[in-house]
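S.K.: I would like the atomic coordinates for the input below:
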Amino acid sequence: MANGTIAFDTLQTSGQITGTAKSVDTDFVVNGSTKVWLQYDQSSSTAIQDSFNVASIADNATGKATTTYTNPMNSTSYAIGGCCQGNGFITIPSGGPATDNTGALVTISNGGSDTDYNHVGPTIDGDLA
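M.R.: Take a look at the predicted model:
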C-alpha cells in the first residue's frame, strides 16, 4: 500500500451544516486544536481511562503527575489546563512543564493543598514538533 500526501488550505462541508460556518482554514485546525488530552483516575492509581497523544502518566506524589506524550510538543511554551472532580483544579508546578515530551501537573483542592482526585482531565494546547 502506497502512502501519499493530501495538501489543501480549506476544509468545507458538503452542506450538512446550517449557518455561515461551512468552511475553516486548515491553519485554524492545526493551530487551534488540543494536542493532548486525557482522563485518568489519580486517587487509586494512574489508570488512563481515555486519552489522545498520551504514551503514559506517572504518579509522582499526592496531586502530582507527569504525562509523557506520544508526539512531542515544539517547545516547553505550551498551556496545560483541564478539570478535576469536585472543587479541584489543575496547575503547572513552579518549574513549568518538564520538557517538550513530558508535562508536569499538580491537582490542588479549593483549600490550596495537593490532592488526588478520581477524575482528572488535563488538556495541552500548543504546537507539536
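
S.K.: so who does Gly108 touch?
M.R.: One thing to correct before we go on: residue 108 is Ile, not Gly. Counting by C-beta atoms under 8 Å, 6 or more residues apart in numbering, Ile108 makes contact with 63, 88-91, 114-115. Glycine gets a C-beta too; all of them are placed from N, C-alpha and C.

S.K.: mind running it again at 6 Å?
M.R.: 89, 91 (C-beta atoms under 6 Å, 6 or more residues apart in numbering).

S.K.: check what pLDDT it gets.
M.R.: You'll see Ile108 listed with a pLDDT of 90.

S.K.: ranges for the helices of this structure?
M.R.: 26-31 (DSSP state H).

S.K.: low-confidence ranges in it?
M.R.: Within the chain, the segments meeting pLDDT under 70 span 1, 8, 11, 15-24, 29, 95-98.

S.K.: can you do 80?
M.R.: The chain contains residues with pLDDT under 80 at 1-32, 45-46, 86, 93-100.

S.K.: would you quantify the distance from Thr68 to Asp27?
M.R.: 28 Å (C-beta to C-beta, to the nearest Å).
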